[in-house]
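Engineer: Next comes the sequence, and after it the predicted model I'd like to discuss.
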Amino acid sequence: MVSVVDMLDSLRAAVEACAVTDPVSEDDTFRTFTLGAPVRRQSRSVLVTATPPIRNMPGSTCTDWATTVSLAVSYSIGQAEEGQRTVYERALLDSEAIAAALYAWAAAGNVLSLVLAEGDISPDGDGALICERSATIVWQRG
């Protein structure tokens, strides 16, 4: 049985495997975390949350379940070095790479459908830029 937590774990692994745009250091990667987990702030921290799953009725199988997953990538706002992309441009390009990774992840597993919503990039008021996106995911639970 593939639970919502199993599905989120594999989704997080797919996001962490993405290459970041214009890394600012050698260890600049996507680091995912969920609510309640210890947070190690990186230059690109990704909060992954999901709605409680529901049975998808009518589904294409007897064991279709659905949830809405949200990804919020936090970027520290700083000055771009000469020839580097701005943090906003990196967020846009990263969101494209994450979307491609999510589509590939969905095609390779128990995911029956993945519908990405348009995202939003805005300042959080504490010196960071947040790129948020959600996806409705239907997967085969059993």
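Structural biologist: Received, thanks.
Engineer: Tell me which residues touch Glu16, please.
Structural biologist: 29-32 (Cβ atoms under 8 Å, 6 or more residues apart in numbering). Backbone N, C-alpha and C define where each C-beta goes, glycine included.
Engineer: Serialize the residues you listed to a markdown table and add fields for distance to Arg85 and neighbour count.
Structural biologist: Shown next, in a markdown table, are the contacts of Glu16 (distance: Cβ to Cβ, whole Å; neighbours: other Cβ atoms under 10 Å):
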| residue | distance to Arg85 | neighbour count |
| --- | --- | --- |
| Thr29 | 17 | 16 |
| Phe30 | 16 | 23 |
| Arg31 | 20 | 19 |
| Thr32 | 22 | 20 |
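Engineer: Now the longest helix anywhere in the chain: average pLDDT?
Structural biologist: For the chain, the helix with the greatest residue count under DSSP state H is helix 87-108. The pLDDT scores in helix 87-108 average 94.
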